[in-house]
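J.: sequence isn't available, so here's the structure alone:
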């Protein structure tokens, strides 16, 4: 009986305030279509006209100097524990990733030069091992697709 | 178990479940331009000037991009975030869905809006509290 109480006390102590939270930005863009983009033909303006509604104002998303445009779905998973309510542990486990990332590069004339894409998975740390760095795939280029 | 212990246990159980709650929160990003999809109906392609555009939308653009062809693109961004959660004191779950949109207005060298596109990610944001799965 005493042992049970101790176990119960430990369980309550270490699971108090266990929180799982997940944030997804622009989940609809997971299925964004890039098949229509033609290397050497599609222009910067055409890409913006068709996909621009999903571009954000972050400087990283509109790289004017390098003539690149980025469209991303970002996701964050966080796990935190409170040792004794309401005292939280001073840290949480986070994994934040671009679960889908499209990067389109343009040449000096404003025509598509290359299209890159990556897909990734976010992990619930510490319960899941984070995935290794995702492979970024060259989907379209003047020389044909590669990786 | 004595009646006093049973009472204490019941009180603890009542407290734990009584203190549980559902959480909902909603955040608007750039609320000044939140009704932009409605206001944009007043913009006439080939007629509305850049100055009139700012009057219609009630705010200056968040940034101006320059196309390689020389065309200017006025960028307005806005969005919405919805968070739902289940708080059971000892176990909490929350899910946040966020939709960030941009409205892009293509302006020619005569400062006339020739075309525009308005994102709709924030219109498809759902309330979800279960954070697991896809």
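T.: All right, it came through fine. All figures in this text were calculated on a predicted structure; none of them were measured in a lab. Numbering: from 1, shown residues only, chains lettered A, B, ... in the order given.
J.: need phi/psi at the spatially closest residue to residue B:48 that is not a sequence neighbour.
T.: Taking C-beta to C-beta, 6 or more residues apart in numbering or on different chains, and ignoring the residues beside it in sequence, residue B:48 has residue B:113 as its nearest neighbour in space, at 4.7 Å. C-beta: built from backbone N, CA, C; applies to glycine. Backbone geometry at residue B:113, expressed as degrees, to the nearest 10, gives phi -70, psi 120.
J.: with the one 10 residues further on instead?
T.: According to degrees, to the nearest 10, the main-chain angles of residue B:123 amount to phi -80, psi -10.
J.: one more: residue B:8?
T.: For residue B:8, the backbone dihedrals are phi -60, psi -50 (criterion: degrees, to the nearest 10).
J.: one more: residue B:70?
T.: The phi and psi torsions at residue B:70 (degrees, to the nearest 10) take the values phi 100, psi -10.
J.: contact partners for it?
T.: Residues counted as contacts of residue B:70 (C-beta atoms under 8 Å, 6 or more residues apart in numbering or on different chains) are residue B:109.
J.: pLDDT at it, what is it?
T.: On the pLDDT scale, residue B:70 is placed at 78.
J.: and what of residue B:81?
T.: Looking at residue B:81, its pLDDT stands at 93.
J.: next: residue A:110.
T.: Residue A:110 is assigned a pLDDT of 84 by the prediction.
J.: residue B:22 contacts residue B:85, doesn't it?
T.: Yes: at 7.0 Å, residue B:22 and residue B:85 qualify as touching, with contact defined as C-beta atoms under 8 Å.
J.: give me the common contacts of the two.
T.: residue B:129.
J.: quick one, which of those two is more surrounded?
T.: Looking at residue B:22 and residue B:85 with other C-beta atoms under 10 Å in any protein chain shown, you find the greater number of neighbours at residue B:85, namely 21 against 9.
J.: secondary structure element for the more buried one?
T.: Assessed by DSSP states H and E, residue B:85 sits inside strand B:72-87.
J.: what is the helix or strand just after that strand packed up against?
T.: Reading on from strand B:72-87 to the C-terminus, the next helix or strand found by DSSP H and E is strand B:91-107. Taking 3 or more C-beta pairs under 8 Å, 6 or more residues apart in numbering or on different chains; DSSP states H and E as contact, the helices and strands that strand B:91-107 lies on are strand A:18-25, helix A:44-51, helix B:50-57, strand B:72-87, strand B:113-118.
J.: any chance of CSV for the ones you listed, columns distance to residue A:125?
T.: Formatted as CSV, those follow (distance: least, C-beta to C-beta, whole Å):
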stretch, distance to residue A:125
strand A:18-25, 11
helix A:44-51, 32
helix B:50-57, 42
strand B:72-87, 19
strand B:113-118, 37
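J.: which helix or strand lies directly C-terminal to the worst-scoring helix or strand of chain A on mean pLDDT?
T.: For chain A, using mean pLDDT, DSSP states H and E, the weakest element among its helices and strands is strand A:62-63, scoring a mean of 56. Once strand A:62-63 ends, the next helix or strand along the chain (criterion: DSSP H and E) is strand A:68-84.
J.: that following strand vs chain B: in contact?
T.: Yes: against chain B, strand A:68-84 shows contacts by C-beta under 8 Å from any C-beta of the partner chain at residue A:77.
J.: show me what counts as buried in that strand.
T.: Within strand A:68-84, the residues scored as buried using 16 or more other C-beta atoms under 10 Å in any protein chain shown are A:68-80, A:82.
J.: identify, from those residues, the entry nearest to residue A:35.
T.: residue A:71 (14.1 Å; C-beta to C-beta).
J.: enumerate every residue touching that closest one.
T.: Shown in contact with residue A:71 (C-beta under 8 Å, 6+ apart): A:29, A:32, A:51, A:54, A:55, A:61, A:101, A:102, A:104.
J.: thanks a lot, see you next time.
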